[in-house]
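In: give me the fold of what follows.
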Amino acid sequence: MDRRVIAVLGPTNTGKTHYAIERMLGYNSGIIGLPLRLLAREVYDKIVALRGPSVVALVTGEERIVPPRTKYWVCTVEAMPPAMGTDFLAVDEIQLCADPERGHVFTERLLQARGTHETLFMGSDTMRGAIAELVPEAEFVQRQRMSELSYGGSKKISRMPARSAIVGFSVDNIYAIAELLKRQKGGAAVVMGALSPRTRNAQVELYQNGDVDFLVATDAIGMGLNLDINHVAFSATTKFDGRRMRPLAPNELAQIAGRAGRGMSHGTFGVTGEARPLDEGTAQAIMDHRFTPIKKLNWRNTDLQFGTPEALIAALEVAPQDEWLVKAREADDLMALKTLSNDAETRARASDGPSVRLLWDVCRIPDFRGISHAEHSSLLEAIYGFLHEKGRIPDDWLARQIKRIDRMDGDIDTVSKRLAFIRTWTYVAQRKGWVNDESHWRGATRAVEDALSDALHERLTQRFVDRRTSVLLRRLKQKEAMLAEVSKEGEVTVEGQFVGRLEGFRFSQDKTATAEEAKTLGQAAMAALAPEFHLRADRFYNAPDTEIDFTEQGGLMWGNSAVGKLVAGSDPLKPQVKAFVDEEAGEDVAQKVARRLQHFIDRKVATLFEPLLNMSRDEALSGLARGFAFQLVEGFGLLPRAQVAEEVKALDQDARGALRKHGVRFGQFTIFMPLLLKPAPTRLRLVLWSLFKGLEEFPEAPPPGLVTVPSGDGAPEGYHLMAGYRASGARAIRIDMLERLADMLRAEDSRGGFEAKADMLSITGMTLEQFADLMQGLGYRAEKGERVKVKAAPAAAAAPQETAQDAAPAQNPESQEAETAEPAEAVPADGAPAAPVTEAADVPSEEIAPQADAAQAADAQVKSADEAPEMEVFYTFAWGRARGGERGGARGGERGGESRGRGKPQGKGRPQGKGKPRGKGGPKSGGDKGGQSFEARPPKKDKIDPDNPFAAALMGLTKK
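Out: Modelled structure (predicted):
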């Protein structure tokens, strides 16, 4: 009774392993051997949860956790320390005694391993006869399955029920099945015996917590892994056992199929894919747990001789004497021993007992890499050489081996190979006395294995799990309200899964989604976004106007999100809006967004066009003034003077004064409101004008602050005026700066010719050549010349890039004088300056003298120097229409015809050349009255505007 041996036999799901743990914890010490390190880790975690980590050890080929006060040992069967003398000893899955590869290890434990008080062997009922013969003192405990297991036949993978495990026996087959499940079911977890415990646990967690409903695995799940599986499907019923392809025996199929149904839950099994349906006898045997008893156990001699390699090999090849035992086939360790024994150097080293024992320990390093027997033997030879010669593996050599593996890049196969390689060095580091600093190298190899395990789990998840689809499918099935979150960047996540972007009130589904998951994503997103649309609509309706803006193409933006666009209305200054709202958001949301956008654009127009709208509502304006105001409103506050020349002539001073009170300026080229030339009104004006014109692509406003811009090609007719510019030659000049230039030109001799002043170049910000092109566009001739440079010409200061409001001509006294006085209104229909009344021949000599003096000085400098004179280019500008309208086209001709028809030819009645062109440089005395009789229009009969600051001066001149 002090040394009881008990065999607990029965099918899967009978609680044998759980029973063994309970029995072990009832003793002061115990050891349990398990068939897989994956299962060993699972049992270790359970015992640690019950008794704490300070008394539980874990020993496998690649892992060794041994606290100082260890009471309970959890090991793989191969790693069980001999002669531990613990009170309790257990070996799980004892039927593996018949396994061709590992059977001899389990058989050795069956025959020799014992606890001082109790020994427990757990396994299949097929071992009853063998145990009874080889261990006569054994007691038998029969355990029945807690749930029923039934055969479900063949099913397509696409019709596989949830919580299913699909079993394959090759890596390619497992990957193919997992890919198919990802496309059709959202993904699958992958479990293989070659995975590290860390990777396997992470993959199992995906399945256990419900992220995926399917598991694709090898027969590794048949060895005691407790998972919530309802159905097991075999994708194949044959496997490669290391030597040949063979069909699985019914008891092997039952071991795997038995994973279905846990506790009291019933389970089913079947086949899928290319696997043939099970015959009725096999299926019934699995359901009834009736299998052919095991008659032979694999055995290998454990009484070894270490005198010479030959003696060791001979001992390992001893045949068993018992009829129940059969000699195990040649294992990897024996093959490695034979290969190394044939190497002369290794044979010379293995010359005594300790050297042969060391050689055998090295040969037992598992071939985790599985590359080839020759490469594995070569590695073992190097390790044995270091250990025999130096007693330790050199740190630098070991570090190089580990460093080659310590890389996380690559695909699943690459990372898997590195993980297999590091297992070799993890095993080596666990061997006592093989490395200098055992703690360091165990930690180093464990760190690399953990990192590779995490990387492999990540690769497997990326390739075989569409977490997003699986999570959303699960929540949709549960019919619960799903949590949607929208980041500041508009990224929409449902239950933590990215599903697309919410741009304003339109949902854009993730473009990377496959066709199979697109429907699921859309369904989940809309179900979750329904409340979000209403919350967002409320925030938008209460948002300040500063958060909303319009684009130069007529779009309406809320922050960075497009929420609508402008559409043309019946009135150019009353545009309508079209809101961008998904139908799924509902009519209430759409109406609320549309109302808020309409309020925004109405206020924007009212604010930026306030002067224009005030003028349109001014009841004090009447008659011609009211009609002219109506035209200004239609023109968005800008009218070319040539276009309304007749209307301007018809306006009396009272009408003009009333319009000026609203900020209207009567320029020589343009009638405009300076306040509307600011960047904001200009930007909106172009959008409204483009809507009114029905343009498909709206032209953009020039950058603010520029005096001139390229006139460009292909601009819509009227664009430059709406932008606040007048095209003249290759460039367009801002209309308020053009009026300032016109003020300067009045003081020049337009008939005889003049050169550009520095102020003219400065105000336009142009070079002399650009200015010449501009003047020609305005109707002037530009004659290019070259002369000796007297001294360095003063550089034309670049005109400051002022905005329209900085240079508002209405506040310029000079401009106002030129604008208001308008003594004769001799302005041609196209807005060009009036033709001068003097000729070049009548220019006073005192004006010519400085030019002659400069020429003489230049000649003197040339004569006094032995070098060629420095030349400079200059332009002389003269009004191009005075002689038949060489420039300016039909409009210049029209003015010339009007002059010839209504006035006498110049040169008759008084000498020419007396006085200068009208304007700032015109005659100020009454002695030059002759010029007034040749105007292009009858003298005005209207009284002078009393609000004009120059009215008194003009009245005085008139009286004189």
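
In: what stretches of the stretch 151-300 of the chain score poorly on pLDDT?
Out: Applying pLDDT under 70 to the stretch 151-300 of the chain flags the ranges 224-225, 242.

In: what ranges do the helices span in the stretch 651-800 of the chain?
Out: Using DSSP state H, counting those that start in this stretch, the helices of the stretch 651-800 of the chain run over 653-660, 679-693, 719-722, 735-746, 758-764, 768-777.

In: export the ones you listed as JSON lines, with columns for mean neighbour count and mean pLDDT.
Out: The way it works is simple: take the backbone N, C-alpha and C, and place the C-beta from them, glycine included. As requested, these are exported to JSON lines (neighbours: other Cβ atoms under 10 Å; pLDDT from 0 to 100):
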{"stretch": "helix 653-660", "mean neighbour count": "20", "mean pLDDT": "91"}
{"stretch": "helix 679-693", "mean neighbour count": "21", "mean pLDDT": "93"}
{"stretch": "helix 719-722", "mean neighbour count": "22", "mean pLDDT": "92"}
{"stretch": "helix 735-746", "mean neighbour count": "23", "mean pLDDT": "91"}
{"stretch": "helix 758-764", "mean neighbour count": "19", "mean pLDDT": "89"}
{"stretch": "helix 768-777", "mean neighbour count": "20", "mean pLDDT": "90"}
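
In: between the ones you listed, which one is closest to residue 439.
Out: Of all those, helix 679-693 sits nearest to residue 439, with 71.8 Å by Cβ to Cβ.

In: now residue 4, nearest residue through space, not along the chain?
Out: Nearest residue to residue 4, sequence neighbours excluded (Cβ to Cβ, 6 or more residues apart in numbering): residue 118, at 5.0 Å.

In: hmm, back to that, can you tell me which of the helices of the stretch 651-800 of the chain is nearest to residue 306?
Out: Residue 306 lies closest to helix 679-693 among the helices of the stretch 651-800 of the chain, at 94.9 Å (Cβ to Cβ).

In: pull that closest one out as CSV, backbone CA atoms only.
Out: Extracted in CSV, the C-alpha atoms of helix 679-693 (Å, rounded to 0.1, in the frame of the first residue of the first chain):
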residue,chain,number,x,y,z
PRO,A,679,-9.0,89.5,-50.2
ALA,A,680,-12.1,88.1,-48.4
PRO,A,681,-14.8,89.8,-50.6
THR,A,682,-12.7,89.1,-53.7
ARG,A,683,-12.6,85.4,-52.9
LEU,A,684,-16.3,85.2,-52.3
ARG,A,685,-17.1,87.4,-55.3
LEU,A,686,-15.2,85.0,-57.6
VAL,A,687,-17.2,82.0,-56.2
LEU,A,688,-20.5,83.7,-56.6
TRP,A,689,-19.6,85.0,-60.1
SER,A,690,-18.5,81.5,-61.1
LEU,A,691,-21.8,80.0,-59.8
PHE,A,692,-23.8,82.7,-61.7
LYS,A,693,-21.8,82.0,-64.9
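
In: so what touches that helix?
Out: Residues from elsewhere that reach helix 679-693 (Cβ atoms under 8 Å, 6 or more residues apart in numbering): 550, 552-554, 566-568, 572-573, 575, 604-605, 608-609, 636-638, 675-676, 698-701, 704-705, 716, 718-719, 722-724, 803-804.

In: quick one: buried ones out of the residues you listed?
Out: Neighbour counting with 16 or more other Cβ atoms under 10 Å marks 550, 554, 566, 568, 572-573, 575, 604-605, 608-609, 636-638, 675-676, 698-699, 701, 719, 722-724, 803-804 as buried within the contacts of helix 679-693.
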